[in-house]
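# just the structure for this:
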Amino acid sequence: MTRKIKIDHIRNIGIIAHIDAGKTTVTERILYYTGRSHKIGEVHDGEAVMDWMPDEQERGITITSAVTTCRWENTEIHIIDTPGHVDFTIEVERSLRVLDGVVGVFSAVEGVEPQSETVWRQADKYGVPKIAFINKMDRIGADFLGTVKMMKDRLNANTLIMQLPVGEGEDFSAVIDLLHMRQIHWDEDTLGATFHVTEIAETYREQAEAYREKIVEAAAEYDDEIMEAYLSELPIDSEKIQAAIRKATIDLELVPVLCGSALRNKGIQPLLDAIAGMLPSPVDIPPIRGTHPKTGQIIECKPTDSAPLAALIFKVSMIDGRKLSYVRVYSGIMKAGDEIYNPLLDKKEKLARILRMHANKRERVDAVGAGSIVGVVGLKDSSTGETLCTAQHPVLLERIESYEPVISVAVEPKTHADQEKMDMVLAKFMTEDPTLRVRKDEDTGQTILSGMGELHLEIITSRMQREFKTNVNVGKPQVVYRETVAEPAQATAVFDKEIAGQRHYGQVTLSLAPLPRGTGNRYQAEISPDNFPQAFLHAAHKGAVESLESGPLMGYPVVDVEIRLTDALHKDSVSTELAYTVSASMACKEALSKAGPFLLEPIMDVEVFVPETFTGEVIGDLNARGGKIESIDHKKGSQVIKATVALSRMFGYSTSLRSATQGRGTFTMQFSHFDRS
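Alright, predicted model coming up:
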């Protein structure tokens, strides 16, 4: 394969931020100025290229991460525009897993918002180099330096201001480039496609020189040659300073900060220069490591075309009934028509087509090399987080972590025809989305849909109806309780009836006792089979155990009870198995109602991650829900509260947690045990 562009000229970047900070607007401008699209699509008009799903256009938010490729001068940029809403965190997580650098977009008015904090920490987790773009400088209340301070305080980011705004709010008119000490103005009549450079205005010169000095100081810390020139007060070349800042950014030591207004078409071209000039190419970061599937030996996948193939599927979409897998190629070459190997499944798959993505539009290519992000058609069994390689050089890359769902709703089809359709559509959604779970509740017969939040499930049910014309009723799932007893009890029952001309007689005495929580049910016959027919003992056992399936209070299953068969009477020629099954069932039901029956409800293990300032409110809310706090652990800037709470008290918790913590708290919840509430 002959490469059209060198690997060190590739940038795989993501655009991350809180909902409504302007990520998609920034991406639209990038596509316009790089010539990828010929018209600027606006989010508020529902015309953004990257927000192509009907639900995205209607709500004005990004739901699914979209991939596109564009060129800026001699750099090829692969961009993933990620969602900003907390319910779609998995989309950000799996994108960050395959990216080399990110642009964090912040609103100059709101500053560092809760979800931008979450996605920033995710980028920290994966060690992804970052640059920041402070957007919305034209809005009333815009505060550039205030937002930079918030980044330092909330994100512990070592920020380096590379640009200063000329004016703020309605007065915002230009950007000062501190690296080259110049002022940039954009032309309104060309939608910002053309701009002109002038001297820095006199009123800003002193401030610009002070901030330029900070850039040189930061560069000197990472380059001895610059340090010597700086101490000797010699002139320093801007390109050398940029190279030093780039190295510090890639080493995660600095976060360069730029500014502008994407909606007013100001500041995007310098942002593109910064992406090309300060974020890493695939060869600037340490090679990804995997393991040999059989020996467990560590394998380093070097980012070159000559190395064996190693690629990771980071997302799967079902478009027009066909499976499209999004793949990041870490090393080697991937060719259309080749047979490739999935070491996790130990299966070979055929690559039918390779597609260069542009949101929901695609362009066929014959082959791609290391550093590429592409779509692949033809993989039948491989799914998110799995590795693609060659059978001769197998390697397993680390899988993508998924999240446990925290909220559920019950869905049921409106008609019989919708039933089959619903099962098919839900299976498709589960292929696409690892955080979505579907299960059938055996007790209620409902289909239970579990996801990351109310908006997440709302979007899924909306897509079922809109994209697949599947009509469903959506309700709340019923909490499935259990029943048990508080004290021992005994009962005797006699069954003596003539049925179809035959007399059936059986008499049974049972005693019941409660068992420790979680033990299950036990049955014991204290009558010797020598004195009593074995078949009748089996019949009594069957009747007693079956009667535990429906308790005396609300008909829920009975648990943690010991049944002992203490006495039984039989009469020759008239005693039958049917009589002992019925009499044992009658005796058991009577004993249950005498033994102080009560309800057990599902108790959940809840783990809440919350910034320290909101710990009191969260603990107060959990106590109000009858929760028991098990432990509170401290983790860099936040607290982890572990508690047990009854499931029935946890409905709507995600909403109240968000309001109590200004959207900054997150939680996970899983079933622990049944207990008295």
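# can you map out the strands along the stretch 151-300 of the chain?
Along the stretch 151-300 of the chain, the segments classed as strands by DSSP state E, counting those that start in this stretch run 159-161, 163-166, 174-177, 182-186, 195-198, 255-259, 288-291, 298-301.
# what are the pairing partners of the first one, and which direction each?
When pairing is defined by DSSP bridges, strand 159-161 lines up against strand 255-259 (parallel).
# next: the last one.
Each strand pairing with strand 298-301, determined using DSSP bridges, is listed with its direction: strand 288-291 (antiparallel).
# out of the strands of the stretch 151-300 of the chain, which gets nearest to Thr484?
strand 288-291 (47.4 Å; CB to CB). Bear in mind the C-beta positions are built from the backbone N, C-alpha and C, glycine included.
# which outside residues touch the closest one?
297-301, 310, 330-331, 387, 395-398 (CB atoms under 8 Å, 6 or more residues apart in numbering).
# so where's the longest strand in the protein?
When every strand of the chain is counted residue by residue (DSSP state E), the longest turns out to be strand 597-611.
# where does the stretch 301-450 of the chain have low pLDDT?
318-321, 359-361, 400-407, 434, 442-444 (pLDDT under 70).
# would you map the strands across the stretch 1-150 of the chain?
So, for the stretch 1-150 of the chain - with DSSP E, counting those that start in this stretch - the strands run 10-16, 66-72, 75-81, 101-107, 130-135.
# the fourth one vs strand 255-259, what angle?
In other words, strand 101-107. With axes from the mean of the first three to the mean of the last three CA atoms, to 10 degrees applied, the angle from strand 101-107 to strand 255-259 works out at 50 degrees.
# counting contacts, what elements does strand 101-107 pack onto?
For strand 101-107, the packing partners by 3 or more CB pairs under 8 Å, 6 or more residues apart in numbering; DSSP states H and E come out as strand 10-16, helix 23-33, helix 114-125, strand 130-135, helix 144-155, helix 268-278.
# list the contacts of that strand.
Residues contacting strand 101-107 (CB under 8 Å, 6+ apart): 11-18, 20-23, 26, 96, 112-113, 116, 119-120, 123, 128-136, 139, 147, 151, 255, 271, 275, 279-280.
# pull out the buried members of these.
11-18, 20-23, 26, 96, 112-113, 116, 119-120, 123, 128-136, 139, 147, 151, 255, 271, 275, 279-280 (16 or more other CB atoms under 10 Å).
# quick one: the strands in the stretch 451-600 of the chain, in order.
Using DSSP E, counting those that start in this stretch, strands in the stretch 451-600 of the chain cover 472-475, 482-485, 489-499, 502-514, 522-525, 561-569, 597-611.
# of those strands, which approaches Lys348 most closely?
That would be strand 472-475 among those, by CB to CB, at 38.3 Å.
# now do Glu199: how many residues are near it, please.
9 (other CB atoms under 10 Å).
# hang on, it packs against Ile184?
No: counting by CB atoms under 8 Å, Glu199 stays clear of Ile184, with 11.5 Å between them.
# what's the burial count for the residue lying closest to Arg139 once chain neighbours are set aside?
Distances taken as CB to CB, 6 or more residues apart in numbering put Val109 closest to Arg139, at 5.0 Å, once the chain neighbours are dropped. Neighbour count for Val109, taken as other CB under 10 Å: 18.
# residue contacts, Val109?
Lys136, Arg139, Ile140, Gly141, Ala142, Asp143.
# correct me, but the fifth one touches Gly111?
No: contact status for Ala142 versus Gly111: not in contact, 10.1 Å apart, counting by CB under 8 Å.
# the two: which has the busier surroundings?
Counting neighbours by other CB under 10 Å for Ala142 and for Gly111 shows that Ala142 has the greater number, 24 against 20.
# how about the more buried one: what's its closest non-neighbour residue?
The nearest residue in space to Ala142 (CB to CB, 6+ apart) is Ala108, at 3.8 Å.
# and Gln465, by the same measure?
Asn471 (6.3 Å).
# before we move on, back to that, looking at the strands of the stretch 151-300 of the chain, which is nearest to Leu351?
strand 298-301 (18.3 Å).
# for the closest one, list the C-alpha coordinates in PDB.
Taking C-alpha atoms only, strand 298-301 is exported to PDB below (Å, rounded to 0.1, in the frame of the first residue of the first chain):
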ATOM      1  CA  ILE A 298       3.400  -8.700  26.400                       C
ATOM      2  CA  ILE A 299       3.400  -7.600  22.800                       C
ATOM      3  CA  GLU A 300       4.300  -4.000  21.700                       C
ATOM      4  CA  CYS A 301       2.300  -2.900  18.600                       C
END
